[in-house]
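**Student:** okay, structure incoming, though there's no sequence with it:
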């Protein structure tokens, strides 16, 4: 690779570069300096914005090598999962905007084609990149482009997802310019588990690999690494490279890939050499890269799981500004431990989200009844159904956004089979700065189509505990308890909590507001403000949101105007089901629904609630409008 020295100055190297064009001009020494500067920028920025830190710190050299060896955006980079793309964003003309990471009207924490031509495909969920790159490579070939490459960067955690193997099965039999880079850091979000993790570990630690690596290094050191000479080296050293495959065909070769690696993911020269080699094959190549998650920042290296996704934090100490222990997730996890003390049938299942779902409490207390299946939600659902069939009480704790991938299994393996499985659906509703790919706005719409399903949406911690107990011991089949990200700050009256509904009726009024979950507290606060101004309305809080209580529907029938507020997708939500039920009963009043109809980009949760017209302020404004319209009608009739 041709390298031209960029003159040093008093300023940072990063600030001098015309990105990404100047990257190919740097010396290896300057690359090391640049990587240090990028890591400093990552830590400084994420400490202020929150975000995914550890995975990005671990992939700095790899990202730089990709941009030096390939020619983006003509070469297509696909990131799996997309949260490891921060360095890519810095190197593709977004350094000046990087301080706006994950902020409203700023740059996304995930690849976003609308944001930059260097982002080939949006990717916020795991295990999709190989399928995407396979399709991109085929499309490039069909359009006559046999020069450029589709490059998928896949975390080892993503390799526990079945879609990765579906993609490999099709990609390996093609002859396209496709390169899959396995960013192997021994982690997904929690520590990797299962046979694949052991397989990759054995490959990394093989004595045969160590001997062969030195042989390959000697051969490469004697040979130039530009142009035709690379092809000659690859052809001549084919048998040497094969020795690195532990004297036998690897799993990746069995899928039809050329396998190269493992390579030290923090050795800039080695990374660039192996990527140049991969390009010479012009067929599917699998490059195995070993990196350290959290590289370069002590607290993240020591606790990569905690720094996977982190809120704002103090750089010196690494301590987050806001503790994550006071949250619905933590309360759920502790309550499950409490119940498991009394019932040995209770099992806990997670898909690589031990800490995120609060199940680390259960894992420590009852390791023999705790199962982390890796990033494999489909397997987790079916596994839970089988545990239930064997007489256990399985509780699968999962983010709402990731549960979407298990819909078929919920329908077929749980519901059709009549198995009693409890879902703890975390991050239900909007989640803030992670944006469109992570909002939990759709579970209500599809779960309500599962025959026999029961769905609860508690509005406070105490109600969460009640709903979990009921889901375990009074329900049958699929029982779901959905709860939001963050802490319970509710102030509504909790003297009569139950798992059905609560009707709050005051002075005589013909206006009823209906809601559930955390939106109810915003509704309660707004109604208190409205009452102070003489605008009285009644409230109906649903706790079991599906199936709808007949009594709750009958209560709504007695009002002339019903407004349903819902932090879930407008189409197919509970507000739509309530409208259907009222219509079937001959409701003649006015019925209106307030719920989101479109994807919401990254912003604070407070801003997103305002955008959906579900904040206290927005609800209060709605009440003012309702009562002003009533007043106008009264005056007109008079």
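**Tutor:** Noted; the coordinates are in hand. These numbers were taken from a predicted model, which means no experiment stands behind them.
**Student:** pass me the low-pLDDT residue ranges in the stretch 201-350 of the chain, would you?
**Tutor:** The model of the stretch 201-350 of the chain has pLDDT under 70 over residues 201-249, 305, 317, 319-325.
**Student:** where exactly do the helices run in it?
**Tutor:** Secondary structure of the stretch 201-350 of the chain, counting by DSSP state H, counting those that start in this stretch: helices at 207-221, 228-236, 238-243, 251-254, 268-281, 298-302, 328-342.
**Student:** so residue 366 sits against residue 340, correct?
**Tutor:** Yes. Using Cβ atoms under 8 Å, residue 366 makes contact with residue 340 at a distance of 5.6 Å. C-beta coordinates here come from the backbone N, C-alpha and C atoms, glycine included.
**Student:** between these two, which one's more packed in?
**Tutor:** A count of neighbours by other Cβ atoms under 10 Å puts residue 340 above the other of residue 366 and residue 340, at 21 against 17.
**Student:** quick check: the more buried one touching residue 333?
**Tutor:** No. Here residue 340 lies out of contact with residue 333, judged by Cβ under 8 Å, at a distance of 10.6 Å.
**Student:** domain map for the protein?
**Tutor:** For the chain, the structural domains run 13-191+250-302, 328-482, 501-637, going by automatic domain parsing.
**Student:** out of those domains, which comes closest to residue 318?
**Tutor:** Residue 318 sits nearest to domain 13-191+250-302 of all the domains of the chain, at 3.1 Å, using Cβ to Cβ.
**Student:** pull the distance from the closest one to the chain's centre.
**Tutor:** Domain 13-191+250-302 has its C-alpha centroid displaced from the chain centroid by 17 Å (Cα atoms, centre = their mean, to the nearest Å).
**Student:** and it, end to end?
**Tutor:** Length of domain 13-191+250-302, first residue to last, Cα to Cα, to the nearest Å: 28 Å.
**Student:** do I have it right that residue 372 meets residue 350?
**Tutor:** Yes. Residue 372 lies in contact with residue 350 (Cβ under 8 Å); the separation is 5.2 Å.
**Student:** residue boundaries of the strands in the stretch 251-400 of the chain?
**Tutor:** 258-264, 285-290, 346-350, 370-372, 393-399 (DSSP state E, counting those that start in this stretch).
**Student:** who wins for proximity to residue 466 among those?
**Tutor:** Closest among these, using Cβ to Cβ: strand 393-399, at 15.4 Å.
**Student:** thinking again about what came up before, need the strands of the stretch 251-400 of the chain in JSON lines with mean neighbour count and distance to residue 69, can you?
**Tutor:** As requested, the strands of the stretch 251-400 of the chain are exported to JSON lines (neighbours: other Cβ atoms under 10 Å; distance: least, Cβ to Cβ, whole Å):
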{"stretch": "strand 258-264", "mean neighbour count": "22", "distance to residue 69": "13"}
{"stretch": "strand 285-290", "mean neighbour count": "25", "distance to residue 69": "11"}
{"stretch": "strand 346-350", "mean neighbour count": "26", "distance to residue 69": "37"}
{"stretch": "strand 370-372", "mean neighbour count": "21", "distance to residue 69": "35"}
{"stretch": "strand 393-399", "mean neighbour count": "26", "distance to residue 69": "35"}
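**Student:** by mean pLDDT, show me the worst of the domains of the chain.
**Tutor:** Among the domains of the chain, domain 13-191+250-302 carries the lowest mean pLDDT, a mean of 92.
**Student:** burial check on residue 28, number of neighbours?
**Tutor:** Using other Cβ under 10 Å: residue 28 sits among 12 other residues.
**Student:** surely it and residue 271 touch.
**Tutor:** No. The criterion here is Cβ under 8 Å, and residue 28 misses it with residue 271 at 10.7 Å.
**Student:** measure stretch 508-526 end to end?
**Tutor:** 18 Å.
**Student:** what do you get for stretch 473-481?
**Tutor:** Rule used - Cα to Cα; the end-to-end distance of stretch 473-481 is 13 Å.
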